[in-house]
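> turn this into a structure:
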Amino acid sequence: MNHKNYSLKNIYYEAFIDIAFLPKKSEIFSDLITMWIGDFQSLMDMIPLNDEGMYVALACHYQVDSPWEECEGEPWKVDDLEVSLSQLLNIKDTLFKKAKDFNSLNNSIEYEKCSKLLQICNDICFLFDKAASGYGQVFIKYYY
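Residues are numbered from 1 along each chain as shown. Here you go, the predicted model:
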(Lines give C-alpha, C1' and ligand atoms only; values in the text may rest on other atoms or scores of the structure.)
Protein backbone atom coordinates (compact mmCIF):
# COMPACT_ATOMS: atom_id res chain seq x y z
CA MET A 1 0.00 0.00 0.00
CA ASN A 2 1.19 3.51 -0.81
CA HIS A 3 0.89 5.52 2.40
CA LYS A 4 1.67 9.21 2.76
CA ASN A 5 1.53 10.42 6.33
CA TYR A 6 1.24 14.20 6.81
CA SER A 7 -0.06 13.99 10.37
CA LEU A 8 1.62 15.88 13.16
CA LYS A 9 3.45 13.64 15.57
CA ASN A 10 2.56 13.40 19.26
CA ILE A 11 -0.82 15.14 19.09
CA TYR A 12 -3.04 12.72 20.92
CA TYR A 13 -6.03 14.97 21.53
CA GLU A 14 -6.50 16.05 17.90
CA ALA A 15 -8.45 14.27 15.18
CA PHE A 16 -7.02 12.87 11.96
CA ILE A 17 -8.29 12.25 8.45
CA ASP A 18 -7.51 9.29 6.21
CA ILE A 19 -8.26 9.50 2.51
CA ALA A 20 -8.03 6.11 0.87
CA PHE A 21 -8.33 4.80 -2.68
CA LEU A 22 -9.97 1.44 -3.36
CA PRO A 23 -9.27 0.15 -6.88
CA LYS A 24 -12.05 -1.52 -8.86
CA LYS A 25 -12.46 -5.20 -8.13
CA SER A 26 -10.29 -4.94 -5.02
CA GLU A 27 -11.07 -5.35 -1.35
CA ILE A 28 -7.85 -3.69 -0.20
CA PHE A 29 -7.02 0.00 -0.33
CA SER A 30 -4.04 0.73 -2.57
CA ASP A 31 -3.34 4.29 -1.45
CA LEU A 32 -3.74 6.09 1.86
CA ILE A 33 -3.15 9.71 2.82
CA THR A 34 -3.16 10.54 6.54
CA MET A 35 -3.34 14.11 7.79
CA TRP A 36 -4.09 16.19 10.84
CA ILE A 37 -7.67 17.51 10.90
CA GLY A 38 -6.35 21.09 10.94
CA ASP A 39 -4.69 20.64 7.56
CA PHE A 40 -7.84 19.10 6.10
CA GLN A 41 -9.91 21.93 7.58
CA SER A 42 -7.58 24.50 6.01
CA LEU A 43 -8.13 22.91 2.60
CA MET A 44 -11.90 22.68 3.03
CA ASP A 45 -12.10 26.31 4.18
CA MET A 46 -10.56 27.38 0.87
CA ILE A 47 -13.51 26.00 -1.13
CA PRO A 48 -15.89 28.88 -1.89
CA LEU A 49 -19.64 28.81 -2.21
CA ASN A 50 -20.97 28.07 -5.70
CA ASP A 51 -22.81 30.60 -7.89
CA GLU A 52 -26.06 29.94 -6.01
CA GLY A 53 -24.38 30.68 -2.68
CA MET A 54 -24.25 27.05 -1.58
CA TYR A 55 -21.56 24.55 -0.69
CA VAL A 56 -21.56 21.51 -2.98
CA ALA A 57 -19.81 18.15 -3.20
CA LEU A 58 -16.95 17.66 -0.73
CA ALA A 59 -17.34 21.18 0.68
CA CYS A 60 -21.01 20.50 1.39
CA HIS A 61 -20.23 17.36 3.35
CA TYR A 62 -17.60 19.17 5.37
CA GLN A 63 -19.26 22.56 5.90
CA VAL A 64 -22.99 21.71 5.96
CA ASP A 65 -23.34 18.09 7.07
CA SER A 66 -21.90 19.01 10.46
CA PRO A 67 -20.76 16.99 12.21
CA TRP A 68 -19.90 15.53 8.81
CA GLU A 69 -17.88 12.65 10.19
CA GLU A 70 -21.02 11.26 11.84
CA CYS A 71 -23.28 11.43 8.76
CA GLU A 72 -22.38 8.00 7.42
CA GLY A 73 -20.63 4.87 8.45
CA GLU A 74 -16.88 5.11 8.39
CA PRO A 75 -15.07 5.24 6.14
CA TRP A 76 -17.57 7.05 3.96
CA LYS A 77 -17.52 6.95 0.18
CA VAL A 78 -16.94 10.28 -1.55
CA ASP A 79 -19.65 11.24 -4.02
CA ASP A 80 -19.70 14.01 -6.65
CA LEU A 81 -16.13 13.15 -7.59
CA GLU A 82 -15.89 15.44 -10.61
CA VAL A 83 -17.08 18.51 -8.68
CA SER A 84 -14.94 17.60 -5.66
CA LEU A 85 -11.90 17.19 -7.91
CA SER A 86 -12.60 20.56 -9.51
CA GLN A 87 -12.77 22.16 -6.05
CA LEU A 88 -9.47 20.55 -5.06
CA LEU A 89 -7.76 21.59 -8.29
CA ASN A 90 -8.79 25.19 -7.64
CA ILE A 91 -7.32 24.96 -4.14
CA LYS A 92 -4.14 23.49 -5.60
CA ASP A 93 -3.81 26.40 -8.02
CA THR A 94 -4.42 28.95 -5.24
CA LEU A 95 -1.87 27.27 -2.96
CA PHE A 96 0.71 27.19 -5.74
CA LYS A 97 0.32 30.93 -6.29
CA LYS A 98 0.48 31.66 -2.54
CA ALA A 99 3.59 29.52 -2.09
CA LYS A 100 5.26 31.33 -4.95
CA ASP A 101 4.39 34.70 -3.39
CA PHE A 102 5.59 33.69 0.09
CA ASN A 103 8.82 32.36 -1.39
CA SER A 104 9.48 35.61 -3.25
CA LEU A 105 8.83 37.56 -0.03
CA ASN A 106 11.27 35.30 1.86
CA ASN A 107 8.51 34.39 4.31
CA SER A 108 9.78 30.90 5.08
CA ILE A 109 7.22 30.05 7.78
CA GLU A 110 4.20 30.80 5.57
CA TYR A 111 5.95 29.24 2.59
CA GLU A 112 6.45 25.97 4.50
CA LYS A 113 2.82 25.88 5.67
CA CYS A 114 1.56 26.62 2.17
CA SER A 115 3.94 24.09 0.59
CA LYS A 116 2.77 21.35 2.95
CA LEU A 117 -0.89 22.04 2.15
CA LEU A 118 -0.04 22.12 -1.56
CA GLN A 119 1.65 18.73 -1.29
CA ILE A 120 -1.33 17.25 0.59
CA CYS A 121 -3.79 18.74 -1.89
CA ASN A 122 -1.78 17.42 -4.83
CA ASP A 123 -1.86 13.90 -3.39
CA ILE A 124 -5.60 14.11 -2.72
CA CYS A 125 -6.19 15.36 -6.28
CA PHE A 126 -4.31 12.34 -7.60
CA LEU A 127 -6.65 9.93 -5.77
CA PHE A 128 -9.79 11.86 -6.72
CA ASP A 129 -8.68 11.95 -10.35
CA LYS A 130 -8.19 8.17 -10.40
CA ALA A 131 -11.65 7.69 -8.90
CA ALA A 132 -13.30 10.23 -11.23
CA SER A 133 -11.69 8.41 -14.17
CA GLY A 134 -13.43 5.20 -13.12
CA TYR A 135 -10.48 3.31 -11.65
CA GLY A 136 -11.98 2.95 -8.19
CA GLN A 137 -13.48 4.81 -5.25
CA VAL A 138 -12.27 7.30 -2.65
CA PHE A 139 -13.15 6.98 1.02
CA ILE A 140 -12.64 9.35 3.95
CA LYS A 141 -12.28 8.38 7.58
CA TYR A 142 -12.26 10.71 10.59
CA TYR A 143 -10.74 9.44 13.84
CA TYR A 144 -8.85 10.25 17.04
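
> from here on, contacts and neighbour counts on C-alpha atoms
Noted.

> apart from its neighbours in sequence, what residue is nearest residue 8?
residue 36 (6.2 Å; C-alpha to C-alpha, 6 or more residues apart in numbering).

> partners of the one you found in the sheet?
For residue 36, the beta-bridge assignment (DSSP bridges) gives partners residue 16.

> ok, it - how many residues close by?
When neighbours are defined as other C-alpha atoms under 10 Å, residue 36 has 21 of them.

> gap between it and residue 21?
18 Å (C-alpha to C-alpha, to the nearest Å).

> what do you get for residue 111?
Counting by C-alpha to C-alpha - residue 111 and residue 21 are separated by 29 Å.

> quick one, which of those two is more surrounded?
residue 21 (27 against 20).

> so how many other residues sit close to the nearest residue to residue 13 once chain neighbours are set aside?
Excluding the flanking residues, the one nearest residue 13 by C-alpha to C-alpha, 6+ apart is residue 144, at 7.1 Å. Number of residues near residue 144 (other C-alpha under 10 Å) recorded here: 11.

> nothing else from me, thank you.
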